[in-house]
Every structure is written in C-alpha cells, then in structure tokens.
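Q: Return a 3D structure for these sequence lines:
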Amino acid sequence: MTKKKAALNYLEAATRWFGRSPDHLDQSERRALARAARRQASTEDPNRLIDEQTGFGGRLADRVAAFGGSWLFISLFGSFLLGWTVLNTEILGKTAFDPYPYVFLNLVLSMLAAVQAPVILMSQNRQSAKDRQMATHDYEVNLKAEIEIMALHDKLDALRLEQLTEVIERQQKQLEQLTQMLQK
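A: Residues are numbered from 1 along each chain as shown. Prediction:
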C-alpha cells in the first residue's frame with residue numbers, strides 16, 4: 001500500500017513539477033515518474049538492447065563499414081591499386097589483361113562502390129538509431145534525477161513545515177504558561 005501511495009504522490013506532484021496533468025505527459029516522462037516512484041534505477045543499456053535486436057545483415061553492415069573506414073583498408077586498397085597498375089603496365093606489358101586506361105579496374109571499382117555505399121549507409125542509419133535511443137535514455141535518466149531532486153525538495157519543505165509547526169506549538173504552550181504565571 002505504501003508503494004502505491006508513493007506512486008500516487010508522484011503522480012499528484014507531476015502536475016506541479018511538469019506544469020501539466022499526468023494524462024498529458026509523454027512516455028519518457030511517465031517512465032521516469034514510474035521509476036522514481038518505485039525507487040528503481042534506469043539501468044538498461046540501450047546499446048545492448050539495439051545489439052540484441054540487430055540481425056545478421058545489420059551486424060555485417062557494421063563490420064563492413066568499420067573495415068571500409070579503417071587505415072588498414074586504405075593501405076590494403078592502395079597496395080592493391082598500385083599492384084594492379086604495376087602488373088598491367090610494367091610486368092605483363094603488351095599481354096596485360098587490363099591495359100592502360102584500366103577499363104576493367106574502373107568496372108571493379110564502380111561495382112565495389114555500388115555495393116559498399118549502401119552498406120555504409122545502412123550502418124550509419126543503425127548508428128543514428130543507436131544515438132537516438134541513447135539520447136532518449138539520457139533524457140529519461142536526467143528527468144528521473146530532476147524528479148528525485150524535486151521530490152527531495154518537497155520532503156525537505158514538509159519536514160521544515162512540520163518543525164515550524166512544532167516550534168510554534170511549543171511557543172504557544174510557553175506563552176500560555178507565561179500568561180498563567182503572570183496572572184498568579
């Protein structure tokens with residue numbers, strides 16, 4: 001019953017804290033309120049959740065993009081291009097299978113670019129989705145922290161009010177006792 005009452009207090013306070021009724025809060029705000037009311041940490045890792053939902057194609061796209069954007073790829077690809085040109089101009093000479101201006105090499109490079117570009121875009125889209133989910137998670141954590149701070153302020157205000165009420169009651173009793181003493 002206490003937890004339910006605490007949740008209700010958080011919902012009641014939400015109007016004061018957010019400036020609108022709980023019915024008009026978005027999902028992130030409701031989740032943050034619910035976690036704060038249950039004293040539950042926001043511990044889920046968005047990266048792990050996205051990685052669990054990612055299929056084979058998404059993981060492959062990430063690996064291709066990671067390798068395609070590395071210095072190792074640039075070095076290997078530069079070596080391949082240099083080897084191709086040396087092989088077809090100096091070593092094979094007149095019997096080269098792709099003589100200068102390297103038409104077959106251009107075809108291979110075009111096909112590689114045609115395949116690699118969409119794969120890299122897929123990886124970037126996945127990273128963008130990860131970033132959005134991380135931003136949402138960060139927002140919820142920050143919002144929960146703000147809610148906890150506001151709740152602490154409310155508790156401190158209630159304690160101060162209680163203490164002031166006790167002090168006033170004691171003073172009132174002392175005044176009554178002084179009045180009685182003066183009357184005697």
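Q: need the helices for this protein, in chain order.
A: Ranges of helices in the chain, per DSSP state H, are 2-18, 27-38, 46-53, 56-68, 71-86, 103-183.
Q: tell me the most buried of these?
A: The highest mean neighbour count among those, using mean count of other Cβ atoms under 10 Å, belongs to helix 27-38: a mean of 18. Backbone N, C-alpha and C define where each C-beta goes, glycine included.
Q: That one vs helix 103-183, what angle?
A: Angle of helix 27-38 versus helix 103-183, following axes from the mean of the first three to the mean of the last three Cα atoms, to 10 degrees, is 50 degrees.
Q: What is helix 27-38 packed up against?
A: The contact analysis (3 or more Cβ pairs under 8 Å, 6 or more residues apart in numbering; DSSP states H and E) places helix 27-38 against helix 2-18, helix 103-183.
Q: relative to helix 56-68, how tilted is the last one?
A: Direction vectors for helix 103-183 and helix 56-68, defined by the same axes, to 10 degrees, enclose an angle of 100 degrees.
Q: Quick one: residues contacting E148.
A: A36 (Cβ atoms under 8 Å, 6 or more residues apart in numbering).
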